[in-house]
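Chemist: The sequence and its predicted three-dimensional model are supplied below.
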Amino acid sequence: MSKTTDQKPRESGPAAKWVGYRPEIRVLDCTIRDGGLMNDHRFSLDLVRAVYQTCCEAGIDYMEVGYKASRHIYAPDEYGNWKFSSEDDIRRVVGEKQGAVKISVMADVDRTDYHEDIPPREKSVVDMVRVACYIHQIPTALDMIKDAHDKGYETTVNLMAVSVVRERELDEALELFADSEANVLYLVDSFGALYSEQIHYLVGKYLRYARQSDKQVGIHAHNNLELAFANTVEAIIKGANMLDASLAGLGRGAGNCRMELLLGFLHNPKYKLRPVLKCIQEHIEPLRKDLLWGFDHTYMLTGFRNLHPRAAIKHNASPEAVDKVKFFDELVDEQ
């Protein structure tokens, strides 16, 4: 049984409530968007359709299909379709969009021609734009949030690498985001470096700012220390209501919170586990031999040191991938 959301003794009988029955909880599938970081976003239309159909059958609330990257910055012939997530490509996946699943895209600050590449909501099948930024990019992020909001989209702000942001800067950022048009403030553990105590503290902080303007708090966790699921549960208990996960944890480096674990934890009859397991079995696990996501000692080491996993990804793609001790020594020497 999952934990209650407050500090009172657990109730028994008809009054007892599961965490998953909080009606405001929403689950977002980021398999294609985050997983695309492992193959330059070269997922076939058939695979993306399979994930979309799975989200529909499983009752998942949002599916993030990819990024809205600028074709002036990234050469289209060097990346797959989901680096750019054109309206035509998304429509090839969702068709008439008869299901209840909402479609999301991510727009990175300084990597998106958002005025041009994000059309007005009435001309798009996209429902939500998630603006991702680092702490030094907040002015542009605020403009992007307003642009997407004014075009009619739901919006979130995903402040990346929060584990290396100084306290004062984080407070200032959250104050600005609380005054923005964003619907959700996302806690993003980009390096998979946070522990439960830090999740408790940070979700509490985010909530204090979010509640000033009736916003929600979300959680996006990476699995470098095998804590993505556990930290997502801790965030739920503290009051986070937007939850990111991916099928079999497919995502950059060590990957994300596993969707199958999250849906099982929520115990909400709205969510169906069988379609998720079927898609993992038939479509996701066959990718593992080439994409090499998931827990690995190199990702563990970057997580321990609160570092971006790019060095681990590079090492794992090298002929010396099996030599984890060498990677450890290189990290020690660098620090």
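Modeler: Arrived safely.
Chemist: Need the three-state assignment for residue 220.
Modeler: Using DSSP: H, G, I helix; E, B strand; the rest coil, the structure places residue 220 in strand.
Chemist: Surely it touches residue 185?
Modeler: No: counting by Cβ atoms under 8 Å, residue 220 stays clear of residue 185, with 11.4 Å between them. Where C-beta positions appear, they are placed from N, C-alpha and C, glycine not excepted.
Chemist: ranges for the strands of the stretch 151-300 of the chain?
Modeler: Taking DSSP state E, counting those that start in this stretch, the strands of the stretch 151-300 of the chain run over residues 154-159, 184-189, 216-221, 242-245.
Chemist: wait, which of those is closest to residue 264?
Modeler: Closest to residue 264 of the strands of the stretch 151-300 of the chain is strand 242-245 (Cβ to Cβ; 11.0 Å).
Chemist: Quick one: mean pLDDT for the closest one?
Modeler: Across strand 242-245, pLDDT averages out at 98.
Chemist: and that strand, how far out from the chain's middle?
Modeler: On the basis of Cα atoms, centre = their mean, to the nearest Å, strand 242-245 sits 6 Å off its chain's mean C-alpha point.
Chemist: Check stretch 230-241 too.
Modeler: Per Cα atoms, centre = their mean, the centroid offset for stretch 230-241 relative to its chain is 14 Å.
Chemist: Turn the strands of the stretch 151-300 of the chain into a markdown table, columns for mean neighbour count and distance to residue 204.
Modeler: Formatted as a markdown table, the strands of the stretch 151-300 of the chain follow (neighbours: other Cβ atoms under 10 Å; distance: least, Cβ to Cβ, whole Å):
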| stretch | mean neighbour count | distance to residue 204 |
| --- | --- | --- |
| strand 154-159 | 24 | 16 |
| strand 184-189 | 25 | 10 |
| strand 216-221 | 26 | 9 |
| strand 242-245 | 26 | 16 |
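Chemist: Which among the ones you listed is found nearest to residue 176?
Modeler: strand 154-159 (9.3 Å).
Chemist: which helices and strands sit right next to the closest one?
Modeler: If contacts are counted by 3 or more Cβ pairs under 8 Å, 6 or more residues apart in numbering; DSSP states H and E, strand 154-159 sits against strand 128-133, helix 138-150, helix 167-178, strand 184-189, strand 216-221.
Chemist: For these, give me TSV that also has mean pLDDT and distance to residue 43.
Modeler: Compiled in TSV, the helices and strands packed on strand 154-159 are given as follows (pLDDT from 0 to 100; distance: least, Cβ to Cβ, whole Å):
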stretch	mean pLDDT	distance to residue 43
strand 128-133	98	18
helix 138-150	98	24
helix 167-178	98	31
strand 184-189	98	22
strand 216-221	98	20
